[in-house]
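Asks: Next input, structure requested:
(chains A and B)
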Amino acid sequence: MRRLLALALATAALALAPDAFAAGAPAGTGVEMPWWAWPLILFVVCFFLGIVAVPAGVGGGVLFVPIVGGFFPFHLDFVRGAGLLVALASALSAGPSLLRSGFANLRLALPLAVVASASSIVGAMMGLALPTNVVQVALGVTILGIVALMAAAKRSEFPEVAKPDAISVALGMHGVLHDPATGRDMPWQVHRTPLGLGIFFFIGILAGMFGLGAGWANLPALNLLMGAPLKVSAGTSSFILSLVDSSAAWVYIHKGAVLPMIAVPSVIGMMLGAKIGARLLKVLPAATVRKLVLGLLAFAGVRALLKGLGIWN
Amino acid sequence: MTGTGQPDSDQERYARLLAIGTNAGLAMLVVLFGIYMLGVLDPHVPHERLPEIWHLPSGEFLELARLEAGWGWTARLRHADILTLLGIVTLAFCSVPCLLAVMPIYWRSRQRMLFAICGLEVAVITLAASGLLSVGH
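Replies: Alright, predicted model coming up:
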C-alpha cells in the first residue's frame, strides 16, 4: 500500500523533473534533452496520473492540463489540445458499457450535450484567441476553484425529485436504474432542467477553453442540481464529455494545436494507467489518494496562476 | 432503460457503433504513432526539431512548420506525423454515425424533439469539423 502511495508521489516528482531539466534552456524549451525523452516522460507521468485518477474520482483531463502545462516545456495550446483528447478517449472508451448498463442515459445526456457542445466551440475559440498569460491565469483560478468544489461538494445516492419539470417530461429525461446488488429497479426523474441547461452552457465554455474534461462540474450539476441518481449522473457525465470534447477537439485540430508527439503518448499512458487504477480500486486507500491528488492539483493550479502572472516561469 | 434492466434499442445501437468507432480510432492511433516513432515514414517536422518549436503558440508552430490551418494537413498524409492525425480525427468524429443511427428510432417512436436534438448535435460537431470556425491568435 505504502509502495503504491509512493508511486503516486513519484508522479508529482516526475511531473516536476522535466522542468528542472529544461531550466537552462532558452525559454524553457527543453532542447538539451533528446527529443524522444519528452514523449517517454510524458507517457510515464500520464500512466501514473491514470492510476491515481480512478481511486481519486478525478477525470484524467483535469489532472493533465495543469500538471503538464505547468511542468513541461510545451506551449499551453498543445497541452490543452492533448488534454481534450485524453478526456475524449477516456469518455469514448467508457461510453459503450455505460450505455448498455443504463448508467449513461441518452435522453438525459443529449439536450445537455447539445448546449455544452456548442459552447465548448466558443470556449475553444476564445482560449486560442486570448493571450497565453491570460489563459494561464484563468486556468490557475479555475483549477483552484475545482479543488475547492471537489473538496466541499457532497453527493446524493438517490436525490428526491418530487415533481419533474415540463421540459424533462417532454424530452423523456427519466428512466429506471437497475441495481444489480439488490436486483431492484428504481425509477428516477429530474427537475430544474432550464437551470441545468444554463449551467451546462458555462461548463462547455470552460471545457473548450482549458481542454479540461468537465466531469468535476457535470457530476454535481446532474446529481445535486437536477436530481439524477449518483450512478446515472456519473455515467451520463462521462458520456456527455464524449460529445462536448469532440466538438472542442475539432477547433484545436484545425488550429494545429494537436501535436501527435504530445497527444498520443498522453492518451495511451492515461488509458493504460486508468485500467491499472480500476484494478487497484479495492486495495488503494481512496480517501488518502484523493487528498493527495487534490493537493497535487492545488499545487499545479498555483503554478499555473503564478506562471500566468509572470511570477514563477 | 426499461424496467427489466435491459438497455433500450437507442442505447444499444449507439453503444454498438460507439464501440466500433472508438476501437478503430484507438487502434489507428497506436499503429500510426508506432510508424511515426519508428521512422517507417518520414515526418513532415523532423523529430529532433520538435523541441525547438513546441514551446511556441500553435499559430507560430504552423508557420514555422509550413503547415496550413484547417484541412490543409490532408495534402501531406504521406508524412508519418500528419498521418497520425487520422486516428485523432476518427476519435473526434466517431460520435456522429452513432447519433445518425439513433435518429430513425426517435422518428419512428414519434420523439420528434429528441430527433431534432440529435440532428442539432450532428450539426454542431460537423460545423466544428468543417474548419469554418477556426480563428487565429
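Asks: drop to CA atoms for contacts and neighbour counts, all remaining ones
Replies: Fine.
Asks: and stretch A:72-84, what's its mean pLDDT?
Replies: Taken as a whole, stretch A:72-84 has a mean pLDDT of 96.
Asks: mind checking pLDDT for the residue of the stretch 201-313 of chain A at minimum distance from chain B?
Replies: Nearest residue of the stretch 201-313 of chain A to chain B: residue A:254, at 4.2 Å (CA to the nearest CA). We note a pLDDT of 95 for residue A:254 in this prediction.
Asks: Provide the secondary structure category for residue A:175.
Replies: strand (DSSP: H, G, I helix; E, B strand; the rest coil).
Asks: what's around it, how many residues?
Replies: Using other CA atoms under 10 Å in any protein chain shown, residue A:175 is surrounded by 21 other residues.
Asks: Report the beta-bridge partners for it.
Replies: residue A:188 (DSSP bridges).
Asks: so it touches residue A:189, yeah?
Replies: Yes. Counting by CA atoms under 8 Å, residue A:175 touches residue A:189, with 6.6 Å between them.
Asks: Could you list every helix and strand that the helix or strand encompassing residue A:63 packs against?
Replies: Using DSSP states H and E, residue A:63 sits within helix A:60-71. Contacts defined by 3 or more CA pairs under 8 Å, 6 or more residues apart in numbering or on different chains; DSSP states H and E place helix A:60-71 against helix A:2-22, helix A:37-56, helix A:76-101, helix A:132-152, helix A:286-308.
Asks: shouldn't residue B:129 be in contact with residue A:252?
Replies: No. Look at residue B:129 against residue A:252 with CA under 8 Å: they stay out of range, at 10.1 Å.
Asks: May I see the buried residues of the helix holding residue A:63?
Replies: By 16 or more other CA atoms under 10 Å in any protein chain shown, the buried positions in helix A:60-71 come out as A:60, A:61, A:62, A:63, A:64, A:65, A:66, A:67, A:68, A:69, A:70, A:71.
Asks: What of stretch B:15-23?
Replies: In stretch B:15-23, the ones that count as buried by 16+ other CA under 10 Å are B:15, B:16, B:17, B:18, B:19, B:21, B:22, B:23.
Asks: Next: stretch A:186-202.
Replies: A:188, A:189, A:190, A:191, A:192, A:193, A:196, A:197, A:199, A:200, A:201, A:202.
Asks: got it, and stretch B:76-95?
Replies: Those would be B:79-95, for stretch B:76-95 by 16+ other CA under 10 Å.
Asks: In helices, which of these appear?
Replies: Counted as lying in helices by DSSP state H, out of these, are B:80-83, B:85-93, B:95.
Asks: And the helices in chain B, which stretches?
Replies: Going by DSSP H, chain B shows helices at B:9-38, B:50-53, B:58-64, B:80-83, B:85-93, B:95-108, B:112-130.
Asks: returning to what we had before: got a list of what the residue nearest to the residue of the stretch 201-313 of chain A closest to chain B when sequence neighbours are not counted touches?
Replies: Using CA to CA, 6 or more residues apart in numbering or on different chains and skipping the chain neighbours, the partner closest in space to residue A:254 is residue B:70 (4.2 Å). By CA atoms under 8 Å, 6 or more residues apart in numbering or on different chains, the contact set of residue B:70 is A:253, A:254, A:255, A:256, B:130, B:131, B:132, B:134.
Asks: and the fourth one, how many residues sit next to it?
Replies: Residue A:256: 24 surrounding residues under other CA under 10 Å.
Asks: now the last one
Replies: Neighbour count for residue B:134, taken as other CA under 10 Å: 21.
Asks: right, and it touches residue A:256 too?
Replies: No. Residue B:134 is beyond contact range of residue A:256, at 10.1 Å (criterion: CA under 8 Å).
Asks: Identify the contacts common to the two.
Replies: With CA under 8 Å, 6+ apart, residue B:134 and residue A:256 have common neighbours B:69, B:70.
Asks: Let me see the ranges of the strands in the stretch 101-250 of chain A.
Replies: In the stretch 101-250 of chain A, the strands defined using DSSP state E, counting those that start in this stretch lie at A:174-179, A:184-189.
Asks: At which residues are the helices of the stretch 201-313 of chain A located?
Replies: With DSSP state H, counting those that start in this stretch, the ranges of helices along the stretch 201-313 of chain A come out as A:215-220, A:230-254, A:260-279, A:286-308.
Asks: packing partners for the third one?
Replies: To tie it back to what came earlier, the one meant is helix A:260-279. Here helix A:260-279 touches helix A:37-56, helix A:76-101, helix B:9-38, going by 3+ CA pairs under 8 Å, 6+ apart.
Asks: Quick check: mean pLDDT of that helix?
Replies: The model assigns helix A:260-279 a mean pLDDT of 94.
Asks: Need the contact partners of it.
Replies: Counting by CA under 8 Å, 6+ apart, A:39-40, A:42-55, A:60, A:78-79, A:81-83, A:85-86, A:89-90, B:29-30, B:33, B:81, B:84-85 sit against helix A:260-279.
Asks: count of neighbours near the residue nearest to residue B:19 when sequence neighbours are not counted?
Replies: The shortest distance from residue B:19 to any non-neighbouring residue, by CA to CA, 6+ apart, is to residue A:96 (5.8 Å). Counted with other CA under 10 Å, residues neighbouring residue A:96 total 23.
Asks: these two touch, right, residue A:96 and residue B:13?
Replies: No. Residue A:96 sits out of contact with residue B:13 when judged by CA under 8 Å, with a separation of 9.6 Å.
Asks: Give the buried residues for stretch A:239-251.
Replies: Quick answer for stretch A:239-251 (16+ other CA under 10 Å): A:239-251.
Asks: re earlier: and the strands of the stretch 101-250 of chain A as CSV, adding mean pLDDT?
Replies: Shown next, in CSV, are these (pLDDT from 0 to 100):
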stretch, mean pLDDT
strand A:174-179, 87
strand A:184-189, 91
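Asks: okay, these in TSV with distance to residue A:207 next?
Replies: Converted to TSV, the strands of the stretch 101-250 of chain A look like this (distance: least, CA to CA, whole Å):
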stretch	distance to residue A:207
strand A:174-179	26
strand A:184-189	26
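Asks: Please name whichever of those is nearest to residue A:164.
Replies: Nearest to residue A:164, of all those, is strand A:184-189, at 6.2 Å by CA to CA.
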